[in-house]
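Novice: Structure, please.
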Amino acid sequence: MTACIPPHPNKDDHTAEHSRPPGPPPASHSHGALPKGCPPHEHSPPTGRRRRFRIAGADLSASISVFLIALPLSLGIALATGAPLQAGLVAAAVGGIVVGRLGGAPLQVSGPAAGLTVVTAELIQRYGWRTTCAITVLAGLTQLALASLRVARSALAVSPAIVHGMLAGIGVTIALAQLHIVLGGTPQSAVVDNLVELPQQLANLHPAALSVSALTIAVLLFWPRLPGRGGRLAGKVPAALAAVAMASLLALVVGLDVPRVDLPSWSSHALPGLPEGPVLGIAAGVLTITLVTSVQSLLSALAVDKLVAARKEPGPRVPRANLDRELAGLGAANIASGALGGLPVAGVAVRSVANVTAGAVSRNSTILHGVWVALAALLLVPVIDLIPLSALAALVMVIGIQMVSITHIRSVTRHREVLVYAATVIGVILAGILQGVAVGIVVATAVSLHRLARTRMTRERKDGVEHVRVRGQLTFLAVPRLSRTLHQIPGDARVVIELDGSFMDHAAYETLHDWQMSHVAHGGQVQMTGRSGTRIAEPASGAHSCCRPWTPWRNHHCGEHPPARERTTGHQLASGLSSFQRNTAPLVRDELARLAREGQRPSQLFLTCADSRLVTSMITASGPGDLFTVRNVGNLVPLPGEESGDDSVAAAIEYAVEVLRVRSITVCGHSGCGAMQALLQNPPDAAPVPGAARTPLGRWLRHGLPSLERVRSGEQAWARLSGRLPADAVEQLCLTNVLQQLEHLKAHECVARRLAEGSLELHGMYFHVGEAQAYLLTRPGHVDEVFDQVPAAAERHHREQAPA
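Specialist: Reported below is the predicted structural model:
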């Protein structure tokens, strides 16, 4: 129940934070202090004078490693698409600098991606290079629009089998096309044509190109596997760079006559022009670029998050990916790349993995890699011109083959989605990316419907009990078979129905319920279980549901209970105990036996009101042994040593802090608190009725007077609930009382000592009974305390802060 959330200086700043479109954060924020124990946010302002821009050594070395991988890959991808070779370098530089600065995944590296090779080559062939650049700009604008709508996570709704199948189909297309260049020939535009022309190409091999390609492939495959100390030293050089360098050296030393890279002058570099072609065709191109770059980048960002989380060595905290911001950064990069005559930009898994593996700790490594690519494109042109085209083709061909991942195939096989994967691969290879993805979606939908409609039912009699097993989802399509199976059971039999599925629609529910009521009326018995044999809730009776752990006594309508008006309190208690022994005790007996053996080890002292509407285990989703709970009227914490103090609360605090060594204490108030209403209407100090303050309740409520005085003093701003002011004076006093009791806790010596040691945390909580909504104090000690809704507090906690 902790929340480490950076404070906002005021309501306007808080609103601006959430209304600002995706993109880089403002250059400065307020100078509010972070809660104790929370690490600074990535974009937290410096306290005091302005901090210098510094680059960590790990980022510098990682940027060089990624640059050495990106340079040959960018040239190879540009060659495979048929675009000017400078376009690959432009995209790599823009992707590194723009996405690195504006994107939401700090360690992801963006640039020209092999997954875009096929669609870009098709666009260039159909519309020309200048129009393709314009399409890239339009795709970037589309991504900015999607990011502003915050729909990035909806891209993850696509089945992984479709995404992996799309990438595999693109990989096959790339590999077949580049194979012709590896053999010294020229690829065709279609996969089928490349297959048809392959035998003729094999019959007319070009030894020079083939030798360069063979050396490139051999180095790529065996470079990471070199043994011994030499292998460890060689591993510091990326395999792609080593392969291209050795192939270039071979061609130069031997004097092989092979086509080489020929970077024209930057002064003649082609820039975008106005789109020329059919509107629908250009729109389809924009949609394809948007789809492929977005899905690939977002999935890659999530993969990078997993790699960062798996790091074993300690280091600076790297924020989790903000997908909407990443999409916005990607859109800005595609606009810039297209406007500068570059290829489309996407997040690249190979470079991102290399960045994380090299130890990068911030977005500076990504930005620097883009700077190195830009410098190389300007200063290393004579060196780049020595690279044979067949070496780049071999490099891209190997990448295409690797896109058909054995790991992905095993994954889709394990999840029974091979049909979806295969259909997408074939569709992409034969018809194109959009068409292939559409085929995959259709097949995935058909498979899902088939699984939804497929239900297996078996019936057997064992030891005088009829066992009916239902495997799969129970929908209206299965109702005829379900009804036929159930009505074959004798009317007075004892029946166990085992439901092994996650969904039951209304038609199946009604059929099962009606049969159960009829069977029980004829003297039979029915028990519903899950696959493991655990008893589950039976269908409801009438308009009321059967008893549940949180159902009040007066709302119990199970058949074994008499009508509510006939029940006595004693019967209600006995009936509740009987229900516990029958339904709940078997489920918790093992856990309670363990606690009895090991003793209690609660992690938290939970101090709340005695109000009967507060069920602590329900609102905190806790179980036996989790909370050490103290309840009293008004959730009050008397100050230590105070006259008429209450040692029972102090004793509980001392026992929890010193003996049980709880790690946190939570004070929980609630709406409509009767104690707070009594304080407002008849404060003990006023005592309009003689002797009222001398009653036990009056004496106890005097411990709430500091809360009342805090409200009336007006010296501090009112506490807020998720940005809104309290509804009335009672709610304001309830909130203020939580804050005041937290101050009282700090006055206890054992609490103060543990707080100073940093081994104890204090938290404030407020539960709105009418809304069934919990609020968590997220700005303790600030000038205007804020109680945030728990889901909102948790979301902001995961997005902005590491766990304490």
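Novice: what helix or strand does Asp788 sit in?
Specialist: According to DSSP states H and E, Asp788 maps onto strand 786-789.
Novice: all strands in this structure, in order from the N-terminus.
Specialist: Secondary structure of the chain (DSSP state E): strands at 110-111, 346-347, 455-462, 465-472, 494-500, 525-529, 604-609, 627-632, 664-670, 720-721, 761-768, 773-777, 786-789.
Novice: quick one, which of these is packed in tightest?
Specialist: Most buried of the strands of the chain by mean neighbour count (mean count of other C-beta atoms under 10 Å) is strand 110-111; its value is a mean of 34. Every residue, glycine included, has its C-beta placed from N, CA and C.
Novice: sorry, back to before: could the strands of the chain go into TSV alongside mean pLDDT and distance to Val279?
Specialist: Listed next are the strands of the chain as TSV, based on pLDDT from 0 to 100; distance: least, C-beta to C-beta, whole Å:
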stretch	mean pLDDT	distance to Val279
strand 110-111	92	29
strand 346-347	90	25
strand 455-462	88	48
strand 465-472	88	47
strand 494-500	88	52
strand 525-529	85	58
strand 604-609	94	62
strand 627-632	93	64
strand 664-670	94	61
strand 720-721	78	51
strand 761-768	91	54
strand 773-777	86	50
strand 786-789	68	46
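Novice: Can you check which of those gets nearest to Ser337?
Specialist: Taking C-beta to C-beta, strand 110-111 is the member of those nearest to Ser337, at 9.1 Å.
Novice: contact partners of the closest one?
Specialist: Residues from elsewhere that reach strand 110-111, judged by C-beta atoms under 8 Å, 6 or more residues apart in numbering: 70, 73-74, 91-92, 95-96, 99-100, 103, 297, 330, 333, 345-348, 351, 366.
Novice: Can you list the strands that that strand pairs with?
Specialist: strand 346-347 (antiparallel) (DSSP bridges).
Novice: what's the spacing between the strand it pairs with and its chain's center?
Specialist: 19 Å (C-alpha atoms, centre = their mean, to the nearest Å).
Novice: Equivalent analysis for stretch 414-425, please.
Specialist: Centroid separation between stretch 414-425 and its chain, computed with C-alpha atoms, centre = their mean, is 24 Å.
Novice: Quick check: buried residues in that stretch?
Specialist: Across stretch 414-425, burial judged by 16 or more other C-beta atoms under 10 Å covers Glu417, Leu419, Val420, Tyr421, Ala422, Ala423, Thr424, Val425.
Novice: export it as CSV, just CAs?
Specialist: Below are the C-alpha coordinates for stretch 414-425, written out as CSV (Å, rounded to 0.1, in the frame of the first residue of the first chain):
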residue,chain,number,x,y,z
ARG,A,414,2.8,-24.4,-27.5
HIS,A,415,-0.2,-22.0,-27.6
ARG,A,416,-1.8,-23.9,-30.5
GLU,A,417,-1.7,-21.0,-33.0
VAL,A,418,0.4,-22.7,-35.7
LEU,A,419,-2.4,-22.3,-38.2
VAL,A,420,-2.6,-18.5,-37.6
TYR,A,421,1.2,-18.2,-37.9
ALA,A,422,1.4,-20.3,-41.1
ALA,A,423,-1.5,-18.5,-42.8
THR,A,424,0.1,-15.1,-42.0
VAL,A,425,3.5,-16.2,-43.4
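Novice: tell me the average confidence for it?
Specialist: For stretch 414-425, mean pLDDT is 90.
Novice: ok, and what's touching it?
Specialist: Applying C-beta under 8 Å, 6+ apart, the external contacts of stretch 414-425 come out as 159-162, 164-166, 168-169, 172, 408-409, 412, 436-437, 439-440, 443-444, 447.
Novice: try it again with 6 Å
Specialist: Stretch 414-425 is contacted by residues Ala161, Ile162, Gly165, Met166, Ala168, Gly169, Val412, Gly436, Val439, Gly440, Val443, Ala444 when judged by C-beta atoms under 6 Å, 6 or more residues apart in numbering.
Novice: Please pick the buried ones from the residues you listed.
Specialist: Ala161, Ile162, Gly165, Met166, Ala168, Gly169, Val412, Gly436, Val439, Gly440, Val443, Ala444.
Novice: any idea how far the nearest residue to the third one once chain neighbours are set aside lies from Lys462?
Specialist: Nearest non-adjacent residue to Gly165, counting by C-beta to C-beta, 6 or more residues apart in numbering: Thr424, 2.9 Å away. The gap separating Thr424 from Lys462 is 45 Å, by C-beta to C-beta, to the nearest Å.
Novice: now Gly115
Specialist: 55 Å.
Novice: Surely Ile181 and Ala393 touch.
Specialist: Yes - between Ile181 and Ala393 there is a contact at 3.6 Å, judged by C-beta atoms under 6 Å.
Novice: Between those two, tell me which one has more neighbours.
Specialist: Comparing Ile181 with Ala393 by other C-beta atoms under 10 Å, the one with more neighbours is Ala393, at 28 against 24.
Novice: quick one, what contacts the more buried one?
Specialist: With contact taken as C-beta under 6 Å, 6+ apart, Ala393 is in contact with Gln178, Ile181, Val182.
Novice: Around the first one, how many other residues sit close by?
Specialist: Close neighbours of Gln178, defined as other C-beta under 10 Å, add up to 28.
Novice: Touching, it and Leu395? I think so.
Specialist: No - counting by C-beta under 6 Å, Leu395 is not a contact partner of Gln178; they are 8.7 Å apart.
Novice: Distance check, the nearest residue to Pro316 once chain neighbours are set aside against Ser297.
Specialist: Spatial nearest neighbour of Pro316, excluding adjacent residues (C-beta to C-beta, 6+ apart): Val361 at 4.7 Å. Applying C-beta to C-beta, the value for Val361 to Ser297 is 21 Å.
Novice: more neighbours, those two?
Specialist: Set side by side, Val361 and Ser297 show more neighbours around Ser297, with 33 against 20, by other C-beta under 10 Å.
Novice: What's the separation between that one and Val659?
Specialist: Ser297 is 53 Å from Val659, by C-beta to C-beta.
Novice: for Arg260, same thing?
Specialist: 78 Å.
Novice: Could you pull out the helices in the stretch 351-500 of the chain for me?
Specialist: Per DSSP state H, counting those that start in this stretch, the stretch 351-500 of the chain carries helices over the ranges 364-379, 381-384, 389-402, 406-414, 418-431, 433-453, 479-486.
Novice: and the first one, which residues are buried?
Specialist: Put plainly, it is helix 364-379. Buried residues in helix 364-379 (16+ other C-beta under 10 Å): Asn364, Ser365, Thr366, Ile367, Leu368, His369, Gly370, Trp372, Val373, Ala374, Ala376, Ala377.
Novice: quick check, nearest of these to Phe503?
Specialist: Thr366 (43.7 Å).
Novice: State which helix of this protein is the longest.
Specialist: helix 279-309 (DSSP state H).
Novice: that older thread, let me know the closest of the contacts of Ala393 to Gly432.
Specialist: Gln178 (18.4 Å).
Novice: Look at the closest one and report its pLDDT.
Specialist: pLDDT, Gln178: 83.
Novice: does Asn635 really touch Asp611, like I thought?
Specialist: No - with contact defined as C-beta under 6 Å, Asn635 does not reach Asp611; the gap is 9.0 Å.
Novice: Now do the contacts for the nearest residue to Ala243 once chain neighbours are set aside.
Specialist: In space, not counting the residues next to it along the chain, Ala243 is nearest to Val219; the distance is 3.8 Å by C-beta to C-beta, 6+ apart. By C-beta under 6 Å, 6+ apart, the contact set of Val219 is Ala242, Ala243, Met246.
Novice: cutoff 10 Å now
Specialist: By C-beta atoms under 10 Å, 6 or more residues apart in numbering, the contact list for Val219 reads Ala239, Ala240, Leu241, Ala242, Ala243, Val244, Ala245, Met246, Ala247, Ala391, Ala394, Leu395.
Novice: Can you redo the residues you listed as a markdown table, where the extra columns are distance to Leu195?
Specialist: Shown next, in a markdown table, are these (distance: C-beta to C-beta, whole Å):
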| residue | distance to Leu195 |
| --- | --- |
| Ala239 | 29 |
| Ala240 | 27 |
| Leu241 | 32 |
| Ala242 | 32 |
| Ala243 | 26 |
| Val244 | 28 |
| Ala245 | 32 |
| Met246 | 31 |
| Ala247 | 26 |
| Ala391 | 24 |
| Ala394 | 19 |
| Leu395 | 22 |
